[in-house]
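Chemist: generate a structure from the sequence data that follows.
(chains A and B)
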Protein chains: 2
Amino acid sequence: MGKSGLSNLALRTVEPPITWLMGMTLARPKLISLAAGFTDSASLPVRETRALLNGLLGSKREGRKALQYGSTAGDPALRRLTARHVAMLDGAQMTRGGIYDPERMFITSGSQQLLYVLSECLCDPGDIVLVEDPTYFVYLGITQSHGLRCRGIRLESDGIDLAALEAVLERLRTQGELSRVKLLYLVTYYQNPTGLSTAWAKKAEALRLLRHYERMAGHPIYLLEDAAYRELRFFGEDIPSALTVPGGRDRVIYGGTFSKPFATGMRVGFGILPEPLLRVVLRVKGNHDFGTSNLLQQLMRVVLDSGEYQRHMEGLRSRYAIKAKAMVRAMRAHFPEGIEWREPTGGLYVWARLPRRVRTGVNSRLFKSALRHDVLYVPGGLCYAEDAARHRPDHEMRISFGGESVPNLRAGVERLGATLKQVMGR
Amino acid sequence: MGKSGLSNLALRTVEPPITWLMGMTLARPKLISLAAGFTDSASLPVRETRALLNGLLGSKREGRKALQYGSTAGDPALRRLTARHVAMLDGAQMTRGGIYDPERMFITSGSQQLLYVLSECLCDPGDIVLVEDPTYFVYLGITQSHGLRCRGIRLESDGIDLAALEAVLERLRTQGELSRVKLLYLVTYYQNPTGLSTAWAKKAEALRLLRHYERMAGHPIYLLEDAAYRELRFFGEDIPSALTVPGGRDRVIYGGTFSKPFATGMRVGFGILPEPLLRVVLRVKGNHDFGTSNLLQQLMRVVLDSGEYQRHMEGLRSRYAIKAKAMVRAMRAHFPEGIEWREPTGGLYVWARLPRRVRTGVNSRLFKSALRHDVLYVPGGLCYAEDAARHRPDHEMRISFGGESVPNLRAGVERLGATLKQVMGR
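Modeler: The predicted structure follows:
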């Protein structure tokens, strides 16, 4: 405790890059932000939300319910619809007492809250979480704030490298650190930042490895599956979640959200958890807010119940597919040789790998030059955990086709391409 | 860390009484709950909210904004309106760089979130917070979960007993514990649970005492003023907040909410904080949720901007005044001799003091008998912090006229009176 009187948590917590990036955007009105994970503004369901709210608040009974407190776990009808929805995505049945029982679920204020409360409930300072390398940088902010140690697991095109996972667990075992390992965090669909998805077999094998090592850890090691982008799929088939892996019920925490796919201004997410953990998590959620806004929950309930959610998702998928294509086409036209990326099949992001000598960090020549050209990207380095076992890569960038219009995407990529040529072409 | 793999925080955290009380209500459909701090259902502004949302979402520009992410601190226009509102209540001006500068304010998901994030930012396990004796029991849940120690300060009819505050601080000084003291938490208006308000002179003197002792503590000791019920005033004049006390700017944290007065289903609160603390709090809020739902914020903005808030408050005040009167009249008619209470002048609660021999706790004969009579109250003991310096009183109850209709209030009080007579009249 310093003379500030602040807590250890407060003293540790650094400014989240997201605040800084958002501030940057607001400060430069002509800036094209390929950084923000905003959703497409023109496709936001304004008219539909208005009509549904009209219906909801047109009924005195439903209206009063929406404007009154709810319970900490969330509205039972919304939980039932959500559970059914996830079961449907997994090609499974919702049965009482089964994996998709609404009693195993709670509603959160965005999926971010799930990540936060879980970190509080599972981890003490110094504990270890395993993350994809690279991973979602806002999750890294939570781990940083809570004084957790991260171990990055190398990513392959279909998810984490299982040999790397095993090697990390084995090293932790020999170091006597297994008892500090609490979970493996995977963004399994169209990962933020790389856009990659995890194959089902990898989820199954990762879970098997965790169960093997947890015997030596002496406590459960959970697989936290963040499925935030699952439904933003352009091509291909959906992959069943880790909940469907045998034994998944007791070790998989599944986090989802309606914010990203439907409306980011709503902030309604959910978690499906093993029962003993859910009980604890709900106590802590009770202290946070004793329940997510009931108005938002009731709105989300009618969004799902009316079929509007499905309709909206279909439109959104083709819209994002078009935007992704426009971005990739512009990258082909304007990016110099020597930059690698994959065409996205879902989600909001393209991950571009530059030659190793070209740095992308906030203090790099490239980043500053891009800002001067009024274009913003997320430096790849922000997405890598602090991990002494490897050098933090600093030659990548995350660019998003989510927020900006197609003409702006083209213009932004053109500006970025010009910057890249200028910086690389010496 | 036990074999559960849970964090120390999780292992500490007990079930919040609010969850238990809510569950009790749901399980007994005929129960009249005088326990819940729900707001009056019939007066919820369903029609008004509908009309305002129609307007908001009728504009494409405003609608899109409402359905998109906002910033962590909250919508600038809402912060401006909120700051102006609090300045108006305090009879002050909102000036740039002044106490009510919107830049000193952030929007929260209900005022509960403010209490939570502040506890995280200011307190480590073992730290000490000073609270009114009794105090808001959900705040006690947060302190319990974070492993904080509480010291109760005796309450008088116009706020804490200043001599008791000084004695507690002095004792902590001699015990060498001042460096662990972080804040004094006061619910200054129509306190939950007692309904009492704090006189301005007491706020000023409390702040003076804190500043005196903080020199020996070596760090700021804040005055956290929870003004959740400030606007639910039936009679008398408003009291200026502690922000108006000289030096208040640097040491007063002011928490307010729009949920209680307008609609509990909305969950929009706010905090006004000294700048250095606000910076830290925003980092942590960023990790929680990077901003409260923008839809709720934009709705609250138009609620304030349209004048609907003021109109609603006026109606609500007279409505609650009538309900309070009905409850007190029923108490006079049905409660046995020997029970003391004050007629409320605002807020949602009446605090009843029974003879010391009559216990009110959840395991008491009275509580169980009340449940059999299908009426629920909040046992007073829940509102007292764990404090070795005194016996935890167990002969009081909090009853609320907030949620139930007037006929139900009468019937509930009659049932409770019959129970009291039965248990006391031996």
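Chemist: where does pLDDT dip in chain A?
Modeler: Under the criterion of pLDDT under 70, the regions of chain A flagged as low confidence span A:1-2, A:426.
Chemist: going along the chain, name the strands of it.
Modeler: Using DSSP state E, the strands found in chain A span residues A:32-33, A:105-108, A:128-133, A:149-156, A:159-160, A:181-187, A:222-226, A:252-257, A:269-272, A:349-353, A:375-376, A:378-379, A:396-400.
Chemist: right, so of those, which gets closest to chain B?
Modeler: Of all the strands of chain A, strand A:181-187 sits nearest to chain B, with 6.2 Å by Cβ to the nearest Cβ. In this view, the C-beta of every residue, glycine as well, is placed from N, C-alpha and C.
Chemist: now that closest one, how far from the centre of its chain.
Modeler: Between the mean C-alpha location of strand A:181-187 and the chain-wide mean there is a distance of 13 Å, by Cα atoms, centre = their mean, to the nearest Å.
Chemist: and the strands of chain A as a markdown table, adding mean neighbour count and distance to chain B?
Modeler: What follows is the strands of chain A, written out as a markdown table (neighbours: other Cβ atoms under 10 Å in any protein chain shown; distance: least, Cβ to the nearest Cβ, whole Å):
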| stretch | mean neighbour count | distance to chain B |
| --- | --- | --- |
| strand A:32-33 | 24 | 12 |
| strand A:105-108 | 26 | 9 |
| strand A:128-133 | 26 | 12 |
| strand A:149-156 | 20 | 14 |
| strand A:159-160 | 26 | 21 |
| strand A:181-187 | 26 | 6 |
| strand A:222-226 | 26 | 8 |
| strand A:252-257 | 25 | 12 |
| strand A:269-272 | 27 | 10 |
| strand A:349-353 | 22 | 16 |
| strand A:375-376 | 24 | 15 |
| strand A:378-379 | 26 | 14 |
| strand A:396-400 | 26 | 13 |
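Chemist: can you redo those as CSV with distance to B:Arg84?
Modeler: Below are these laid out as CSV (distance: least, Cβ to Cβ, whole Å):
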stretch, distance to B:Arg84
strand A:32-33, 31
strand A:105-108, 32
strand A:128-133, 44
strand A:149-156, 44
strand A:159-160, 52
strand A:181-187, 42
strand A:222-226, 40
strand A:252-257, 34
strand A:269-272, 33
strand A:349-353, 40
strand A:375-376, 33
strand A:378-379, 36
strand A:396-400, 36
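Chemist: what residue is smack in the middle of chain A?
Modeler: For chain A, the residue lying nearest the average C-alpha position, counting by Cα atoms, centre = their mean, turns out to be A:Ala228 (5.1 Å).
Chemist: thought it was touching A:Asn192?
Modeler: Yes: taking contacts as Cβ atoms under 8 Å, A:Ala228 lies within contact range of A:Asn192: 7.2 Å.
Chemist: so how many other residues sit close to A:Arg283?
Modeler: Summarising burial for A:Arg283: neighbours were counted as other Cβ atoms under 10 Å in any protein chain shown, giving 22.
Chemist: do A:Met313 as well
Modeler: A:Met313 is surrounded by 14 other residues when neighbours are defined as other Cβ under 10 Å.
Chemist: correct me if wrong: it contacts A:Lys260.
Modeler: No: contact criterion Cβ under 8 Å: A:Met313 and A:Lys260 do not qualify, at 10.9 Å.
Chemist: re earlier: which one of the strands of chain A lies nearest to A:Thr25?
Modeler: Distances from A:Thr25 to each of the strands of chain A were compared by Cβ to Cβ, and the smallest falls on strand A:32-33, at 4.8 Å.
Chemist: now do the contacts for the residue nearest to the centre of chain A.
Modeler: For A:Ala228, the contacting residues are A:Ser111, A:Val187, A:Tyr189, A:Asn192, A:Gly255, A:Gly256, A:Thr257, A:Lys260, A:Gly269, by Cβ atoms under 8 Å, 6 or more residues apart in numbering or on different chains.
Chemist: so the second one touches A:Tyr136, yeah?
Modeler: Yes: under the criterion of Cβ under 8 Å, A:Val187 lies in contact with A:Tyr136, with a separation of 5.5 Å.
Chemist: list residues touching both of the two?
Modeler: Common contacts of A:Val187 and A:Tyr136 (Cβ under 8 Å, 6+ apart): A:Asp226.
Chemist: for stretch A:236-253, C-alpha coordinates in PDB please.
Modeler: The C-alpha atoms that make up stretch A:236-253 are tabulated as PDB, following Å, rounded to 0.1, in the frame of the first residue of the first chain:
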ATOM      1  CA  GLY A 236     -18.700 -23.200 -43.500                       C
ATOM      2  CA  GLU A 237     -20.300 -25.200 -40.800                       C
ATOM      3  CA  ASP A 238     -20.700 -24.300 -37.100                       C
ATOM      4  CA  ILE A 239     -18.400 -26.300 -34.800                       C
ATOM      5  CA  PRO A 240     -20.100 -27.800 -31.700                       C
ATOM      6  CA  SER A 241     -18.900 -26.100 -28.400                       C
ATOM      7  CA  ALA A 242     -16.700 -27.800 -25.800                       C
ATOM      8  CA  LEU A 243     -19.900 -28.400 -23.800                       C
ATOM      9  CA  THR A 244     -20.500 -31.400 -26.100                       C
ATOM     10  CA  VAL A 245     -17.200 -33.000 -25.300                       C
ATOM     11  CA  PRO A 246     -17.600 -35.900 -22.900                       C
ATOM     12  CA  GLY A 247     -17.000 -34.600 -19.400                       C
ATOM     13  CA  GLY A 248     -17.500 -31.000 -20.600                       C
ATOM     14  CA  ARG A 249     -20.400 -30.500 -18.300                       C
ATOM     15  CA  ASP A 250     -18.100 -30.400 -15.200                       C
ATOM     16  CA  ARG A 251     -15.200 -28.500 -16.600                       C
ATOM     17  CA  VAL A 252     -16.400 -26.300 -19.400                       C
ATOM     18  CA  ILE A 253     -17.400 -22.700 -18.800                       C
END
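Chemist: phi, psi of the closest residue to A:Lys421 other than its chain neighbours?
Modeler: Setting aside the residues directly before and after it, A:Lys421 is nearest to A:Pro336 in space (Cβ to Cβ, 6 or more residues apart in numbering or on different chains), at 4.9 Å. Dihedral angles of A:Pro336 (phi, psi; degrees, to the nearest 10) stand at phi -70, psi 170.
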